[in-house]
Structure formats: C-alpha cells, structure tokens
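> I would like the atomic coordinates for the input below:
(one chain, ligands or ions: 4)
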Amino acid sequence: MNLVSIIAKPEITITKNPYLVSSPLLFFSNKTKSETSIPRVLFSSMSYNKELAAAKKAVSLAARLCQKMQKAILQSDVQSKSDKSPVTVADYGSQALVSYALQRELPSEQFSLVAEEDSEDLLKDGGQETLERITKLVNDILASDGSYSDCTLSTEDIVKAIDCGKSEGGSRGRHWVLDPIDGTKGFLRGNQYAIALALLDEGTVVLGVLACPNLPLTSIAGGSQHSLPGEVGCLFFSVVGGGTYMQPLDSSSAVKVQVNATDNPEEASLFESYEAAHSMHDLSSSIVKKLGVKAPPVRIDSQAKYGALSRGDGVIYLRFPHKGYREKIWDHAAGCIVVSGIENIRFAYMS
Ligand SMILES: Nc1ncnc2c1ncn2[C@@H]1O[C@H](COP(=O)(O)O)[C@@H](OP(=O)(O)O)[C@H]1O
Ligand SMILES: [Mg+2]
Ligand SMILES: [Mg+2]
Ligand SMILES: [Mg+2]
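Ligands and ions are numbered 1, 2, ... in the order given. So this is what the prediction gives:
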C-alpha cells in the first residue's frame, strides 16, 4: 500500500450556505487501485498570478496583526459568539485587513468574500470601544508596513471591510473564502493558528494561501512544536495545476513541498486537532487501528495541519465531524488546495 495522506471532506462545494458538502476522500501520493485523477484541467495557474500576489500580501499583513496581538491580548479583547466559540479583536482585525487589502490590490475586479466574522456584535451597545481598538490596530499595521498610506481607516471603513465578508458565494463567478484566524482557541493558548484565504472560481478552489505564524519552518514530526525564536512562521500557497510551495512569512524564497512518501502504515503519523471535541471520532480510531498505525499523533490547532501535511511532517489527517456539526468552507478551502495542489498526488474515494 502506498499510503501517504488521508483527509476527510476536502472537496469544497459552495452552496447558498457556506458548508462543505462532500463525502470523505483519501489522498495517496502514488498510484493505487482506486485512484481517480484530479479535475484540474479547466484552470490554468497562469490565470491567477495577480490574485496570488494580492492574497499573499493580504494574509501577510493579517499575520503581522495576529502576531502583534497574540503577545498582547487582553481579557477584554475576547468575546463569545452566539455558538459560544471565541472571537477576538485579532479575528476582526485580520478579516478587515484581508478584505481591505484584496480590494486595494485588485481594484478592477468585482469583489465577493465569504468570511467567518461579521460586525453584528461590534455594533451592539458596548461594542464601540472594541471597534475603535480594532480600527487602531489595523491602521497601525498599515502604517508600519507603509501600504496604502494615502488613507487612514475610520470605524465605518472597518465595519464595511468586515461585512464585505457576508457574500453567500455560489457556484458561479469568483468568490474569496476567508478564515481570518482559524484555530482561535489555539491563538488564545499561544499555540498554532492560521490565516486561511482561498479563491473559488466557478465553484472550484483554484488558489489557496495559508499563513501559519507559529509553525516552525522545520518539520514538527514526532510532535515537537518547539523551536528557537526566528525559526517560526510559514506561508503555504498553491494555485491549481501549479504545485504547492512554502516560504518563511518574512521572506519571499519559496520551496516546493512534497507529501511524506512512507508506504509503511506503522509510521503513518496522524494529525489531530488539539481540541479533542473536534477530532475524537470512533471512525478515526477504527481506521487508525485497522491501518496498524504505531507512530504517535501530532496534535495541533487549525489548518496548520494541512500545511504540515503538505510538507510531509505527518501522513494522515482525518476529520469526521460529530453528529449535528456542519463544516464551514473557510475551515478547509485554503488547506484543501495546499494539499491537493501537490503535483502527482492522487485521490481515491474511501469506501
Ligand atoms: N465540534 C466541532 N467539530 C469540528 N470542528 C469544529 C467544531 N467546533 C468548532 N470547530 C471548528 O474547528 C476550527 C478549528 O479547527 P481545529 O480543530 O483543526 O483547530 C474552528 O475554527 P475557528 O477557530 O476559525 O472558529 C471551528 O470552526
Ligand atoms: Mg471561529
Ligand atoms: Mg476556522
Ligand atoms: Mg476563525
């Protein structure tokens, strides 16, 4: 068996509601009996050069904001959403920055963004102070970068930029898909998180950029997330048909990545969410048992798992949501193409 990586639900279909609708898939790096080829013939990577440059700039600015905030987060910067999940000033700031930067970088294109956050809670009584803090944070990042120095954003501009993310998407035309901080719980713990941005074209993910500010540049195989200062911060990107690359967040020298080529299931280490409630599933346990995996799992938050999988730090990523939970496209779109975009990778449906 030439097992390389397994991912549950990476096939993104955008519907009126931004949920994933697909059956689980297996990824194999080498030919297997049940392989199917990737339907990437319709799109050329050359068509997305300026979108890729804009996406990389937008997520890099957002990563800078998140790095600054992770060190200085206050209790008052964290709120609870209606589903009890956390949201912070950094989630809002990151979404505002990505939305604003994409529109500035691609002024002639029609802009549609499907993103996780909205301004509803910021506009309620008591939200003004938080909104002002986000506005200052975004302006500080833009000023220190020297980008778009022609304007300082107002609180209204920030609300507008965040709420551009209310697009319903759809299978026609182009839509950006953004998770401004994926793994907010990891972000708050000081652990892994990602800024995840993808582009859908006619319902297909054609481009993905994944900034992982705390991911070491070297392998985390064996579960080690520790590294010396200066060695963390990865930017993964992939354009359909063009392979997957990784570069340090603070440099532009990219290297092509390749998945782990092990064919020994005993060594096939598994990525798991740090949050046990997101990952522990009877089906995962029985697959791992049947494969005879002996390698210890690597437990990290967020789509950093897809980045680490794409460069071979581990071999398997299973994600079977518990009953009643519906996956959202922003939790997988960018990570999905970072793995599926790798050249010579093969797909196989799990039976
Ligand atoms: N019960 C659940 N099952 C699966 N995913 C869940 C979940 N509850 C929340 N999530 C999603 O899991 C994401 C984090 O992924 P991971 O578990 O890989 O770190 C969260 O993204 P946000 O942090 O952007 O809200 C959230 O959308
Ligand atoms: Mg969230
Ligand atoms: Mg998320
Ligand atoms: Mg998020």
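
> how near is the closest residue to Gly222 other than its chain neighbours to Val315?
Leaving out its chain neighbours, the residue that sits closest to Gly222 by Cβ to Cβ, 6 or more residues apart in numbering is Pro296, at 7.2 Å. Backbone N, C-alpha and C define where each C-beta goes, glycine included. Computed with Cβ to Cβ, to the nearest Å, the distance linking Pro296 and Val315 is 12 Å.

> state the distance from Ser252 to ligand 4.
Distance of Ser252 to ligand 4, given as Cβ to the ion, to the nearest Å: 26 Å.

> in three-state terms, label that residue for me.
coil (DSSP: H, G, I helix; E, B strand; the rest coil).

> quick one on the thing from earlier: give me the common contacts of Pro296 and Val315.
Common contact partners of Pro296 and Val315 (Cβ atoms under 8 Å, 6 or more residues apart in numbering): Ser269.

> which residue comes closest to Ile342 once chain neighbours are left out?
Excluding the flanking residues, the one nearest Ile342 by Cβ to Cβ, 6+ apart is Thr244, at 4.9 Å.

> I'd assumed Ser310 was in contact with that neighbour.
Yes - at 5.2 Å, Thr244 and Ser310 qualify as touching, with contact defined as Cβ atoms under 8 Å.

> where do the contact lists of the two overlap?
Taking Cβ under 8 Å, 6+ apart as the criterion, Thr244 and Ser310 both touch 236, 257, 338-339, 342.

> so what's the residue nearest to Ile342 up against?
Listed by Cβ under 8 Å, 6+ apart, the contact set of Thr244 reads 236-238, 256-257, 310, 337-339, 341-342.

> how about low-confidence regions in the chain?
Along the chain, segments meeting pLDDT under 70 span 1-46, 223-230, 346-351.

> if I look at the residue most central in space within it, how far off is Lys68?
Note on the chain: the residue nearest the mean C-alpha position is Ala196, at 3.0 Å, using Cα atoms, centre = their mean. As for Ala196, its distance to Lys68 is 19 Å (criterion: Cβ to Cβ).

> one more: Lys84?
Separation of Lys84 from Lys68 (Cβ to Cβ) stands at 27 Å.

> with Ala53 instead?
Noted for Ala53: a distance of 23 Å to Lys68, by Cβ to Cβ.

> who's more crowded, the two?
Using other Cβ atoms under 10 Å, the more surrounded residue of Ala53 and Lys68 is Lys68, with 16 against 12.
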